[in-house]
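> Structure here, sequence nowhere to be found:
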């Protein structure tokens, strides 16, 4: 039946690929196309049914996860429940469990389409430019105030963490008499981004938009967007860092080094056995918490108090060897069956001789040499 798809998607656990009607081999372009189509179809202004509202929210969440490489990688391994709630790691802890969809679906729509209005999003671009060329205005409805104008501004995660001021410009058009000349002026505004500013935060400047005869100026809105970061993804006040780790390091331990969001080099010892999707929490090394640090106007620097910052979540992505020789397999198996306690003297003697040979500075092989 025609409604089986929406009815199925409106209830139960989510497979983000299924929400968007995609296979797991979908590309970034495929994800964008699918979200564009479904978000326009189920937008509340086009379909106000309860089922459509649920689907609209679910496709927004699916798009947020699948358009983020770190979140997508975790979902591929853990699924929705593991991504949000975590799954047991066999040692009494949980792996995963840090993601929360905490933004408005309409905000996701607006950031993607550049407007909250689905009909405006469907407008043909050439018609929009033609209208702009004839009058110097986007169309506005009759009323006291002109149409809202919305602009996206992109910031690095570092800027959203520490706070920054940025001067932005837009061209404001004025038509004083019906059919009269349109004048333009460049307006300069200052965006004051507070430390810990969230992605999608809106900065509204009233009476800064276009105006024409009988219509007051509308607002200009700037939306702070986070640029994709090479190392981190953001989950509220926390930062997620996906660390690819060899199987040997996952079993035997290692030290992970990385540069934090504030430019400080971090050293994270890994002493426990980890598996794919396991998470190690580094307290107080995430994003600044909005309102939890002094603003730039005070002249103060960020506080080092961990209560004023989120956490860094190091998620391990284990890389297994593609091939192993018969000797490697036999040695690995032997290592797992070596007694954990009270080995016999002959066992200890054989293991010691083996390790001395493996770690020999000239002929040994344990450091990666051939």
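Right, received. Where do you want to start? None of these values were measured; they are calculated from a predicted model. Residues are numbered from 1 along each chain as shown.
> Now residue 226: closest residue in space that isn't a chain neighbour?
The shortest distance from residue 226 to any residue other than its chain neighbours is 4.3 Å, reached at residue 199 (Cβ to Cβ, 6 or more residues apart in numbering). (C-beta placed from N, C-alpha, C; glycine too.)
> residue ranges with poor pLDDT in the stretch 1-150 of the chain?
Where the stretch 1-150 of the chain drops to pLDDT under 70, the residues are 1-13, 87-97, 120, 122-147.
> what about the strands in the stretch 51-200 of the chain?
Secondary structure of the stretch 51-200 of the chain by DSSP state E, counting those that start in this stretch: the strands cover 87-88, 94-95, 149-155, 164-175, 182-193.
> Mind checking those strands for the one nearest to residue 55?
When those are compared by Cβ to Cβ, strand 149-155 sits nearest residue 55, at 24.6 Å.
> how much does the closest one deviate in direction from strand 182-193?
Counting by axes from the mean of the first three to the mean of the last three Cα atoms, to 10 degrees, strand 149-155 lies at 40 degrees to strand 182-193.
> in strand 149-155, what counts as buried?
Neighbour counts over strand 149-155 (16 or more other Cβ atoms under 10 Å) mark 149-150, 155 as buried.
> Make JSON lines out of the strands of the stretch 51-200 of the chain and add distance to residue 265.
JSON lines is the format used below for the strands of the stretch 51-200 of the chain (distance: least, Cβ to Cβ, whole Å):
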{"stretch": "strand 87-88", "distance to residue 265": "31"}
{"stretch": "strand 94-95", "distance to residue 265": "25"}
{"stretch": "strand 149-155", "distance to residue 265": "23"}
{"stretch": "strand 164-175", "distance to residue 265": "23"}
{"stretch": "strand 182-193", "distance to residue 265": "25"}
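> Just name the most buried of the ones you listed.
Highest mean neighbour count among the strands of the stretch 51-200 of the chain (mean count of other Cβ atoms under 10 Å): strand 94-95, with a mean of 20.
> can you give me the helices in the stretch 51-200 of the chain?
Under the criterion DSSP state H, counting those that start in this stretch, the stretch 51-200 of the chain contains helices at 69-85, 105-113, 118-122, 125-135, 157-162.
> likewise the stretch 251-370 of the chain?
Residue ranges of the helices in the stretch 251-370 of the chain, as given by DSSP H, counting those that start in this stretch, are 326-337, 345-358.
> Among these, which comes closest to residue 257?
For the helices of the stretch 251-370 of the chain, proximity to residue 257 was assessed by Cβ to Cβ; helix 345-358 is nearest, at 25.7 Å.
> now that closest one: mean pLDDT?
Taken as a whole, helix 345-358 carries a mean pLDDT of 90.
> same thing with stretch 153-160?
In this model, stretch 153-160 carries a mean pLDDT of 94.
> Test my guess that residue 269 contacts residue 249.
No - contact between residue 269 and residue 249 fails when scored by Cβ atoms under 8 Å: they sit 11.7 Å apart.
> before we move on, back to that, in JSON lines: the helices of the stretch 51-200 of the chain, plus mean neighbour count and distance to residue 27.
Formatted as JSON lines, the helices of the stretch 51-200 of the chain follow (neighbours: other Cβ atoms under 10 Å; distance: least, Cβ to Cβ, whole Å):
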{"stretch": "helix 69-85", "mean neighbour count": "18", "distance to residue 27": "12"}
{"stretch": "helix 105-113", "mean neighbour count": "19", "distance to residue 27": "17"}
{"stretch": "helix 118-122", "mean neighbour count": "14", "distance to residue 27": "22"}
{"stretch": "helix 125-135", "mean neighbour count": "11", "distance to residue 27": "23"}
{"stretch": "helix 157-162", "mean neighbour count": "21", "distance to residue 27": "25"}
